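Participant: with the input below, show me the fold.
(chains A and B)
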Amino acid sequence: MKTVLVVAGVAPGWVRNQVRVAAEALTEDGRVLIAMSDEAVDPQHLPGSAGNSTLFGVARSGYPLWTGRMSSVVGLRRRHDRIVLVRFDRDRHMLLTVAALMSRLRSEQLVIHDLSTAPSKGLLRRLAAHVISSLPHSTVEGAPAPALGGASIAVVVCGSDTALAHLALRAAQSMSADADGSWRLIVQADDPSVETLLRESPRTKSITYEPPGQINDLVGSSDVVIVRDGTELAGQSSALEQGAALVLVGHPLGGRMNPRLDGAWLIRSDVSSIIVALEHFRQSRFGGPTAADVRRDGLRLVETVRSSQLLAG
Amino acid sequence: MTDTLKGETVGTAFAQAPQTSGLQRSKRPSNPTVSVIVPTLNEARNLPYALWRLPACVTEVVVVDGRSRDDTIEVARHLRDDVKIVLEERKGKGIALRSGFEAATGDILVMLDADGSADADEIQRFVDVLATGADFAKGSRFLPGGGSVDLTPLRQFGNRALTGAVNLVCQTRFTDLCYGYNAFWRDCLDFIDVDVPGFEIETRLNMMVAASGLVVVEVPSHEYCRVHGTSNLRVVSDGLRVLRTIIRTSRQIRTGLPTIRSVEQES
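Facilitator: Modelled structure (predicted):
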């Protein structure tokens, strides 16, 4: 069962993240191609980040997420069983219309994933939107973006690693006053003395202590999960499964290559690197839904794609 | 090390000039200490980006703050235990760099912008070039391997024109004039004086090292976008200041350049 996700236009970071989550889940059914009309222009492109490639990433299952270009968007590709058109603000309506028409001509199952937050403006765009919305077998609406200025949640899973807790504390202290309000750091550590340390430290309104307990509950409500590289914690795998961004501290390649193909960020064990990783993830989801909403959306899309496939079959 | 081989010697036109006879290159340490000088002005949010990829060869970080209104100093202190903070009352990047040079103790001094646009990991390239015999390693965005995502066509045109003017005056082959990512041996301070306040500092520095007969090697460097905030650079007004600096320095090259050492002796 082959699936293609079509992204027409320069998508913001949170849309690409949403596409990735859905694509990862769809790899369970077979090959997935992500067709993008435009080069991803990342204003937050940092040193060490790889450029565009034929690979969007690697799913947790180990399957590659292949990328296609403009030709794939307009239908010059092999026939796929399912096509998901991703709509967002400032997408390229005409390209999406062509993609939708081509998919219907080729009897592909068409699903629209609507991530747009505002109605289309202009006669041509409204007309194209009308055509697009009349063609699909089903449509999945994205979750509304939360109000801007809300704090993102990062969980630091320390376990018995007190050094990591200290590092997180220093990162919280090192954040500028501007960035301080945009994060809530939760430090989970076995050692209860960490709590005293956090309480007594100045300038740590944004950091709280969590005793050892259910990691999954914490991870499920967080945007970023920070763990020491090499520790076999349940948080590592569940973070990626639940759509949160994973940051591996102290990785040998940390500081040289930032994002791994499975989406995890590799950083060195220093304060600056933690702040840069946190800021990067905040920027990439700025204006978009939280990690938990992204995951819910992705799963809803996958369910819809599968159920409409059954109906079409 | 392979990267450094791509660097090009561009400023040896005055290599036989008598000014550098005081340089004792053979006495430079084989395992030099490296100081990074970071001039800041309201860069609290960008400072982590400037420092997060510092290579292991860096032994000292000097942050020169020009009366920031935000918490730049506090952030810098938390980011690194060993950071040296210099408070500079006077305004201007050139003044801040001069204070930083005086406070730094390393054998090699590196100028690094605080806005996160420079990749600190490239410092190793600069150090390698200096270790192989150069006096001054000059970053260039226009060499193969370098680049910029922050240069507008107007800035690029202005930079090219001003670079051409300096090459004509100094008989050099610089490819990039107005780029603030440079490194040099401490003893080169005897031959230069950074006595200009603003963004014309790079121009002044490049012209002085070339005119002094120091061995200048260009190193490919990539410039990224400023992460937070807006640049203090004004294209037209700062371009005119650079032009005035070129004219003034050209005159001084004929009559005798002031250096930090000569200025200190006079005072």
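
Participant: quick check: residues of chain A near chain B?
Facilitator: Counting by Cβ under 8 Å from any Cβ of the partner chain, the residues of chain A lying close to chain B are A:43-48, A:170, A:173-179, A:255-256, A:267-268, A:270-273, A:275-276, A:279. C-beta coordinates here come from the backbone N, C-alpha and C atoms, glycine included.

Participant: quick check on the residues you listed: which are buried?
Facilitator: The neighbour-count criterion (16 or more other Cβ atoms under 10 Å in any protein chain shown) marks A:44, A:46-48, A:170, A:173-176, A:179, A:255, A:267-268, A:270-273, A:275-276, A:279 among those as buried.

Participant: so which of those residues are in helices?
Facilitator: Among these, the members falling in helices are A:170, A:173-174, A:179, A:271-273, A:275-276, A:279 (criterion: DSSP state H).

Participant: now whichever strand or helix holds residue A:21: how far from the chain's centre is it?
Facilitator: Assigned by DSSP states H and E, residue A:21 belongs to helix A:13-26. Relative to the mean C-alpha coordinate of its chain, helix A:13-26 is positioned 6 Å out (Cα atoms, centre = their mean, to the nearest Å).

Participant: what's the following helix or strand after it?
Facilitator: Using DSSP H and E, the next helix or strand after helix A:13-26 towards the C-terminus is strand A:32-36.

Participant: what strands line up against that following strand, and which way round?
Facilitator: strand A:3-7 (parallel), strand A:64-68 (parallel) (DSSP bridges).

Participant: give the next helix or strand downstream of the last one.
Facilitator: It stands for strand A:64-68. If you walk from strand A:64-68 toward the C-terminus, the next helix or strand you reach (DSSP H and E) is helix A:70-73.

Participant: can you pull the domain assignment for chain A?
Facilitator: Structurally, chain A divides into domains by automatic domain parsing as follows: A:3-146+A:290-312, A:152-285.

Participant: reformat these as TSV; add mean pLDDT and distance to residue B:137.
Facilitator: Below are the domains of chain A laid out as TSV (pLDDT from 0 to 100; distance: least, Cβ to Cβ, whole Å):
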stretch	mean pLDDT	distance to residue B:137
domain A:3-146+A:290-312	85	18
domain A:152-285	81	21
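
Participant: the ones you listed: which one's closest to residue B:87?
Facilitator: Shortest distance between residue B:87 and the domains of chain A, using Cβ to Cβ, is found for domain A:152-285: 18.2 Å.

Participant: from the chain's centre, how far out does the closest one sit?
Facilitator: Using Cα atoms, centre = their mean, the offset of domain A:152-285 from its chain centre is 17 Å.

Participant: for chain B, see how far away the residue of chain A most remote from its centre is.
Facilitator: Distance from the centre of chain A peaks at residue A:200, with 34.9 Å (Cα atoms, centre = their mean). In this view, residue A:200 and chain B are 16 Å apart by Cβ to the nearest Cβ, to the nearest Å.

Participant: how about residue B:177: what's its closest non-neighbour residue?
Facilitator: Distances taken as Cβ to Cβ, 6 or more residues apart in numbering or on different chains place residue B:163 nearest to residue B:177, at 4.1 Å, with adjacent residues excluded.

Participant: how near is the residue nearest to residue A:171 when sequence neighbours are not counted to residue A:210?
Facilitator: Leaving out its chain neighbours, the residue that sits closest to residue A:171 by Cβ to Cβ, 6+ apart is residue A:274, at 4.2 Å. The spacing between residue A:274 and residue A:210, counted by Cβ to Cβ, to the nearest Å, is 18 Å.

Participant: output the longest helix belonging to chain B.
Facilitator: Longest helix in chain B by number of residues, with DSSP H as the criterion: helix B:235-255.

Participant: let me fix that: chain A
Facilitator: Of all the segments of type helix in chain A, defined by DSSP H, the longest one is helix A:291-312.

Participant: now do that one and helix A:13-26, the angle between them.
Facilitator: For helix A:291-312 against helix A:13-26, the angle by axes from the mean of the first three to the mean of the last three Cα atoms, to 10 degrees is 50 degrees.

Participant: CA atoms only: put helix A:291-312 into CSV for me.
Facilitator: Included here for helix A:291-312 are C-alpha records, laid out as CSV according to Å, rounded to 0.1, in the frame of the first residue of the first chain:
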residue,chain,number,x,y,z
ALA,A,291,3.3,18.0,20.2
ALA,A,292,0.4,16.1,21.7
ASP,A,293,-2.1,17.7,19.3
VAL,A,294,0.3,17.0,16.4
ARG,A,295,0.3,13.3,17.4
ARG,A,296,-3.5,13.2,17.8
ASP,A,297,-3.9,14.8,14.4
GLY,A,298,-1.5,12.4,12.8
LEU,A,299,-3.2,9.4,14.2
ARG,A,300,-6.6,10.7,13.1
LEU,A,301,-5.4,11.2,9.6
VAL,A,302,-4.0,7.7,9.5
GLU,A,303,-7.3,6.2,10.8
THR,A,304,-9.2,8.2,8.2
VAL,A,305,-6.9,7.1,5.4
ARG,A,306,-7.3,3.5,6.4
SER,A,307,-11.0,3.6,6.8
SER,A,308,-11.7,5.4,3.6
GLN,A,309,-9.4,2.8,1.9
LEU,A,310,-11.7,0.1,3.2
LEU,A,311,-14.8,1.9,2.0
ALA,A,312,-13.2,2.5,-1.4
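
Participant: tell me the helices and strands packed up against it.
Facilitator: The contact analysis (3 or more Cβ pairs under 8 Å, 6 or more residues apart in numbering or on different chains; DSSP states H and E) places helix A:291-312 against helix A:13-26, strand A:82-87, strand A:109-114, strand A:138-141.

Participant: list the buried residues of that helix.
Facilitator: For helix A:291-312, burial by neighbour count (16+ other Cβ under 10 Å) applies to A:291-298, A:300-302, A:304-305, A:308-309.

Participant: contacts for that helix?
Facilitator: A:1, A:3, A:14, A:17-18, A:21-22, A:24-26, A:29, A:81-82, A:84, A:109, A:111, A:113, A:137-138, A:140, A:142-143, A:146, A:220-224, A:242-245, A:285, A:288-289 (Cβ atoms under 8 Å, 6 or more residues apart in numbering or on different chains).

Participant: try 7 Å
Facilitator: Residues from elsewhere that reach helix A:291-312, judged by Cβ atoms under 7 Å, 6 or more residues apart in numbering or on different chains: A:17-18, A:21-22, A:25-26, A:82, A:84, A:109, A:111, A:113, A:137-138, A:140, A:142-143, A:220-223, A:242-245, A:289.

Participant: just the buried ones from the residues you listed, in ChimeraX syntax?
Facilitator: Isolation of the buried members of the contacts of helix A:291-312 (16+ other Cβ under 10 Å) is achieved in ChimeraX through the command below:
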select /A:17,18,21,22,25,26,82,84,109,111,113,137,138,140,142,143,220,222,223,242,243,244,245,289
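
Participant: and residue B:35, its phi and psi?
Facilitator: Recorded main-chain torsions at residue B:35 are phi -110, psi 130, according to degrees, to the nearest 10.

Participant: share the number of residues neighbouring it, please.
Facilitator: For residue B:35, the neighbour count with other Cβ atoms under 10 Å in any protein chain shown is 23.

Participant: quick check: closest non-adjacent residue to it.
Facilitator: Once flanking residues are discounted, residue B:35 sits nearest to residue B:106: 3.1 Å by Cβ to Cβ, 6+ apart.

Participant: if we can go back for a sec, ok, residue A:274 and residue A:210, which is more surrounded?
Facilitator: For residue A:274 and residue A:210, the more surrounded residue by other Cβ under 10 Å is residue A:274, and the numbers stand at 29 against 19.

Participant: contacts only, for that one.
Facilitator: Counting by Cβ under 7 Å, 6+ apart, residue A:274 touches A:167, A:171, A:226, A:267.

Participant: highest neighbour count among these?
Facilitator: Highest neighbour count within these, by other Cβ under 10 Å: residue A:226, with 29 neighbours.

Participant: what residues are up against that residue?
Facilitator: By Cβ under 7 Å, 6+ apart, residue A:226 lies in contact with A:154, A:156, A:168, A:247, A:249, A:274.
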